[in-house]
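**Q** Sequence first, then the predicted structure:
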Amino acid sequence: MENIISLNNVNYSYFGKIPALRNITLEIAKGAMFAVIGQNGSGKTSLLNIINGLIFPDAGDYFYKRIRIDEKSLGNKNIHNRLRGSMGYIFQNPDIQLFCPTVMDELLFAPLQLGCSTDESSERALQTLAALGISYLKDRSVTMLSGGEKKKVAIASVLTMNPEILLVDEPLAGIDPKTQTFFVELLLELNHAGKTIIFTTHHLDLIDHLQPQVVVLSDEHTIQKSGTASEILNDEEFLISVNMIHEHAHRHDGETHRHFHAHYVFHS
Amino acid sequence: MESNIPAFLLTEEPRDRFSGDAGKTRFSFIERTIAGTANSLRILYLQAESAGNSSFIARLNPVTKVLAFVYLILVISFVHSLKSQVSTSGFLAVAFLFSGLNMARVYRQILLISFLFGFLLAAPAALNVVTPGDILVSIISLGEPHDFWIYHVPARIGITLEGCNIVARIFMRVFNSVSLSFLLVYSTSFPRLLKAFRIFFIPDTLLMVFWLAYKYIFILCRTVEETYLALKSRMIRNIRNETLRGIAAGRILYLYEKSQINYEQTYAAMISRGYAGKIILAGENKMTVKDLLILLCTALLGAAILIL
């Protein structure tokens, strides 16, 4: 498979003072399932923002389908539209992502911009609402939604784009367990259909479920390790060193004791 | 695996969808507005960051700094001689050296503000129309003088030595006042600075209101920037200005609602933690011998500037 995303020695800092990413070099193949894991504040969201061309590296290069993506190249309408049109980004906080008056408007926004007809856009929106089980929200104002509903609408609003690459910041954040299961299955199916899925998480069980290629960001904002899901999950010593699993107290049968606990279950 | 996902998601979008797009992307007015807001956030953030560093000035008790600030502002206001103002600038430059700040960046900001409010506003005072005196550089000749009401316009209009002196003094006064303000603000974190104002018997409740306002501006700027990134990520083709205006209006409504929710939740959090109408803030650290010595040195320096 050809690499569609390529980062070479990328560095990014907030206001030139606080480092968010250091010397990040990675390549993502078309159709890959790719995860960025790390503790809070390790730079996962900044990495997704760079891949989506929302922020630009202080140093290093980012190539999307061999086109260098920077502020200047995104000024070109063709490059800009190709990048935006092929990438759907589901933010961690759905509040910031929803900006249309109603749920239906929200779902129609992307396909209409992509040049789909009104009928095709409506068809997509209705199918997506049905698939996520939120058809009843169709005419609801986005300000009148609960947290979980907002998250589902945010997911739906990106799916109607039918993006080639789906960027998901913390897929499990803010949704109930049933929707989490649905969303994990949806990601698997989309990946089977050939779409590239790039997500960030600090939930190791999600890595176990989706079996992606993994890069682990350290507290120093560098790539500490990369490999397959099983290579990462089986290296307990490494996971302890990057604080992905840690020792904490548990209560079993009335007895409290402390031990390392990963909070995920391997499939046998 | 049984699939219930929409069929269109299992297909690829046409490859030539964007092949006709050419030219430059147009996303200017929102881009500029948000970039400006983000810049405000950056300045606020940098202030908080730089104030947290371990430089000599940053480590001083904020009460010491506030007292020294008020005293020196009074000195700068009372001093008339240009020599004294230049000496004050020299002293402030040395103080900036001990603050650990990026002097080039800070002085660029100070010079810009001083130029706008100290030079441009005072520049007419350099002319003999405002300040009579010997003309150094002649600008225009009217042939004969004109008088109307209480005003006298001389035959030859130009820049006078006395006028230049006045403009230089006003410029230096603004320059020094702005420098001193920047030194205080950039070397003290906002919460500590607020607490230091208790020395002027400002009620804790009012200080808390200021603190919440500052904190809210920070949260608001972050929300605006994040909202902008989310919007940017879904802007594919150039969209019509009225659509953009509609989106911007919707976002303003969202921010308003968010503000209201934040306000209500903050108030609820205060109530749940024992707020019953009177706020009592923790005190600042006591002043040390070093702080007293700094105050003494500042007092002596101010006196020397006044005598010069």
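**A** Thanks, I have the structure now. Numbers count the residues shown, from 1 in each chain, chains lettered A, B, ... in the order given.

**Q** What ranges does the chain have for its helices?
**A** No chain specified, so I'll use chain A. Here chain A has its helices, by DSSP state H, at A:44-51, A:77-86, A:94-97, A:103-114, A:118-131, A:147-159, A:177-192, A:204-210, A:229-233, A:236-241.

**Q** wrong one, chain B
**A** Using DSSP H, helices in chain B cover B:28-51, B:56-59, B:62-78, B:82-97, B:103-114, B:161-187, B:190-196, B:204-234, B:241-272, B:289-307.

**Q** that older thread, would a markdown table of the helices of chain A with mean neighbour count be doable?
**A** Using the backbone N, CA and C atoms, a C-beta is placed for each residue, glycine as well. Shown next, in a markdown table, are the helices of chain A (neighbours: other C-beta atoms under 10 Å in any protein chain shown):
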| stretch | mean neighbour count |
| --- | --- |
| helix A:44-51 | 24 |
| helix A:77-86 | 22 |
| helix A:94-97 | 23 |
| helix A:103-114 | 23 |
| helix A:118-131 | 18 |
| helix A:147-159 | 23 |
| helix A:177-192 | 17 |
| helix A:204-210 | 20 |
| helix A:229-233 | 18 |
| helix A:236-241 | 14 |
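
**Q** To B:Ile294, which of those lies closest?
**A** For B:Ile294, the closest of these is helix A:44-51, at 40.8 Å, according to C-beta to C-beta.

**Q** Beta-bridge partners for A:Thr228, please?
**A** Taking DSSP bridges as the rule, A:Thr228 bridges to A:Gln213.

**Q** Quick one: residues contacting it.
**A** By C-beta atoms under 8 Å, 6 or more residues apart in numbering or on different chains, the residues touching A:Thr228 are A:Gln211, A:Gln213, A:Val214.

**Q** Could you rerun that using 10 Å?
**A** The contact partners of A:Thr228, taken as C-beta atoms under 10 Å, 6 or more residues apart in numbering or on different chains, are A:Ile207, A:Gln211, A:Pro212, A:Gln213, A:Val214, A:Asn234.

**Q** go on, B:Ile135?
**A** Per C-beta under 10 Å, 6+ apart, neighbours of B:Ile135: B:Leu127, B:Asn128, B:Pro154, B:Arg156, B:Ile157, B:Gly158, B:Ile159, B:Thr160, B:Leu161, B:Gly163.

**Q** With the flanking residues excluded, which residue is spatially nearest to B:Thr64?
**A** B:Asp291 (4.1 Å; C-beta to C-beta, 6 or more residues apart in numbering or on different chains).

**Q** Show me the beta-bridge partners of A:Ile28.
**A** Assigned bridge partners for A:Ile28, using DSSP bridges, are A:Ile5.

**Q** picking that back up, neighbour count, pLDDT and distance to chain A for the contacts of B:Ile135 - can I get that in JSON lines?
**A** Output for the contacts of B:Ile135, formatted as JSON lines (neighbours: other C-beta atoms under 10 Å in any protein chain shown; pLDDT from 0 to 100; distance: C-beta to the nearest C-beta, whole Å):
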{"residue": "B:Leu127", "neighbour count": "19", "pLDDT": "89", "distance to chain A": "43"}
{"residue": "B:Asn128", "neighbour count": "21", "pLDDT": "85", "distance to chain A": "48"}
{"residue": "B:Pro154", "neighbour count": "16", "pLDDT": "83", "distance to chain A": "53"}
{"residue": "B:Arg156", "neighbour count": "13", "pLDDT": "86", "distance to chain A": "53"}
{"residue": "B:Ile157", "neighbour count": "15", "pLDDT": "87", "distance to chain A": "48"}
{"residue": "B:Gly158", "neighbour count": "19", "pLDDT": "87", "distance to chain A": "47"}
{"residue": "B:Ile159", "neighbour count": "19", "pLDDT": "90", "distance to chain A": "42"}
{"residue": "B:Thr160", "neighbour count": "21", "pLDDT": "90", "distance to chain A": "46"}
{"residue": "B:Leu161", "neighbour count": "12", "pLDDT": "89", "distance to chain A": "45"}
{"residue": "B:Gly163", "neighbour count": "24", "pLDDT": "90", "distance to chain A": "42"}
